[in-house]
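**Q** sequence first, predicted coordinates after that:
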Amino acid sequence: MSQAAPHPQPQDQGATTPSQPAGAAPGELVPAASRTLQPRPQPQRPWTGQDYVWWNTAQVLTAVRAGFKPNPVSPVVDPIRPTHSGEVILGSCDGEILAFKRGDNSNYQPMRGFFLAGGAAGLALMAAFFGGQAVVNSRRKRRAERDAVEKWRHLADARLSVSTHGIYLGTPDGVMFIGYQQIRECQVTGVGEVMLAATNEQGNVRLKVRGQWAELVMVIWAALFLPEHPQLVGRSWLPGDWLLHARAYNREVDTSNWP
């Protein structure tokens with residue numbers, strides 16, 4: 001499956017790097033005392049709640065790459081009992097689970113009925129009944145045709161909790177845990193949306209999960225199990241100018257250990 005890249009971005013844009021002093025040759029080692037930081041850019045747009053999410057996700061990536069245990073980043077963390085020793089629940093949010101499937105009304109059965117009445121009034125009623133029945137059948141047929149197409153469809157509303165060891169999906173039917181080691185594929189498919197395929201002894205599952213901390217799922221999984229992930233290496237899970245945007249608000253991100 002081709003990797004989605006919702007936010008194309010040059011890899012090194014926005015990193016805090018020293019500038020060469022005048023007269024220094026390219027690649028020449030310069031004493032630290034002679035280095036100057038690039039001037040801070042001016043803000044081009046407001047700092048939003050989504051920026052807060054991306055900034056905290058970036059901090060988790062830096063911590064994981066450095067071998068540190070990250071701290072919770074969400075203002076609200078659901079009271080979930082961790083599955084593993086030393087596990088930390090990093091963030092919780094409302095979410096949605098989608099599955100790639102047909103709709104619930106893909107089997108079309110025409111509605112048939114019988115109506116008998118006499119006289120002019122009866123004939124009018126019969127015409128209205130069968131005419132209305134044809135409209136209903138036509139609508140049901142079109143709906144069945146739409147539902148017969150496999151696509152990503154709503155499966156359940158859920159609470160998404162992201163931890164250092166996996167994700168928890170809470171629905172009215174219970175809480176499902178998917179460990180990062182069970183995930184075989186994961187990619188960001190939009191802002192606040194991640195697609196994942198996981199395998200365990202019960203079988204396989206392919207889902208889309210939508211939620212505020214969706215990008216955090218891909219970032220942690222890729223940092224632990226697939227550091228060459230194109231979206232991690234290309235930093236395309238972030239908007240193209242986002243690191244410069246963060247610097248403008250004095251929220252520099254240490255990207256020195258990123259893939």
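**A** That came in fine, so what should we check first?
**Q** got the end-to-end distance for stretch 76-88?
**A** End-to-end distance of stretch 76-88 (C-alpha to C-alpha, to the nearest Å): 13 Å.
**Q** low pLDDT regions in the stretch 51-200 of the chain?
**A** 103-148 (pLDDT under 70).
**Q** can you map out the helices along it?
**A** 119-147 (DSSP state H, counting those that start in this stretch).
**Q** that one: strands as residue ranges?
**A** Per DSSP state E, counting those that start in this stretch, the stretch 51-200 of the chain has strands spanning 89-101, 151-163, 166-171, 174-179, 183-190, 193-200. These are given in chain order.
**Q** mind putting those strands into CSV with distance to Ser236 and mean neighbour count?
**A** Every C-beta, even on glycine, is put in place using the N, C-alpha and C of the backbone. What follows is these, written out as CSV (distance: least, C-beta to C-beta, whole Å; neighbours: other C-beta atoms under 10 Å):
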stretch, distance to Ser236, mean neighbour count
strand 89-101, 21, 18
strand 151-163, 20, 18
strand 166-171, 21, 20
strand 174-179, 23, 14
strand 183-190, 8, 19
strand 193-200, 13, 19
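**Q** make a markdown table out of those strands and add distance to Thr62.
**A** Below are those laid out as a markdown table (distance: least, C-beta to C-beta, whole Å):
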| stretch | distance to Thr62 |
| --- | --- |
| strand 89-101 | 14 |
| strand 151-163 | 16 |
| strand 166-171 | 20 |
| strand 174-179 | 23 |
| strand 183-190 | 18 |
| strand 193-200 | 20 |
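**Q** of all the ones you listed, which lies closest to Arg45?
**A** strand 183-190 (19.6 Å; C-beta to C-beta).
**Q** name the surrounding residues that touch that closest one.
**A** 1, 3-4, 6, 194-199, 208, 214-215, 217-218, 221-222, 225, 229, 231, 236-237 (C-beta atoms under 8 Å, 6 or more residues apart in numbering).
**Q** sounds good, over and out.
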